[in-house]
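In: The following block contains a protein sequence and its predicted model.
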Amino acid sequence: MKRKRLIIIAALLLFASAAFGQEIYRWVDEKGTLHFTDDLEQIPEKYREKVQKEKSPQEPTPAPPVSLPTPPPKGGKPGKESKPAPPPQEKDIFGRGEEWWGAKAREWNEKFKTAQKNYEKTNQEWKSKEKELEISTFKPDSFKRKLKAEIKVLEEKVKDWEKQMQESKNMLEHVLPKQAREDGANPDWLKIEEKK
């Protein structure tokens, strides 16, 4: 009778621990009694070598909870007011937006301004050297030759800056607007706001 109770208790322990997915230790003592435990420290040392481990099956892991979208708060109730989502940004047929086109326009505008500034400066130097040559009637020929060489270099630089100005202006006024129309970009994206 006592032995039956022990077996029933052991079976209950085994079943209960199986529900939690723990390791079960089983051993038989010198009287032939079967013992079960989930704590290795409870097994007498002389039986620890003969102990049999059984890993009980673990419970299946529950599926992660599904989060449902929270409805927006109705008027009059306290809570965070949700901001409306920003409208989707307009893009051209290649996925480029206002930022890309604006950067292109600013880049060519900067090139134009740089070329214009350098053109004006070099043109002024060129005219100044030509005046200097005009009034150097009584200067040595070597000095006049040197001035003529400087004037020629400045004249080439003036032409080069003028060419760069025209190229930049053409890009801003014709090439970029045409490309924007072909690529489905908003022409307003090419407008450059002057810094005040």
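Out: Cool, got the structure.
In: Residue ranges of each domain in this protein, please.
Out: In the assignment given by automatic domain parsing, the structural domains of the chain cover 2-55, 98-190.
In: ok, then the element right after the biggest helix by length in the chain?
Out: With secondary structure taken from DSSP state H, the chain has its longest helix at helix 98-134. Toward the C-terminus, helix 98-134 is succeeded by helix 141-170 as the next helix or strand (DSSP states H and E).
In: So which elements touch that following helix?
Out: Helices and strands in packing contact with helix 141-170 are listed as helix 98-134; criterion 3 or more C-beta pairs under 8 Å, 6 or more residues apart in numbering; DSSP states H and E. Placement of C-beta: from N, CA and C, glycine included.
In: got the angle for the helix it packs on vs helix 141-170?
Out: Between the axes of helix 98-134 and helix 141-170, defined by axes from the mean of the first three to the mean of the last three C-alpha atoms, to 10 degrees, the angle is 160 degrees.
In: how distant is helix 98-134 from the center of its chain?
Out: Here helix 98-134 is found 37 Å from its chain centre; the criterion is C-alpha atoms, centre = their mean, to the nearest Å.
In: Show me which residues of it are buried.
Out: By neighbour count, with 16 or more other C-beta atoms under 10 Å as the criterion, the buried positions of helix 98-134 are 98, 101-102, 104-105, 108-109, 111-112, 115-116, 118-119, 122-123, 125-126, 129, 133.
In: Show me what the host helix or strand of residue 24 is packed up against.
Out: Of the helices and strands defined by DSSP H and E, residue 24 is found in strand 23-28. Helices and strands touching strand 23-28, by 3+ C-beta pairs under 8 Å, 6+ apart, are helix 2-20, strand 34-37, strand 52-55.
In: distance between that strand and the chain's centre?
Out: Between the mean C-alpha position of strand 23-28 and that of its chain there is a distance of 56 Å (C-alpha atoms, centre = their mean).
In: Show me the shaky parts of the chain.
Out: Using pLDDT under 70 as the threshold, the predicted model of the chain has low-confidence ranges 1-4, 6-7, 9-22, 27, 51, 53-82, 85-87, 194-196.
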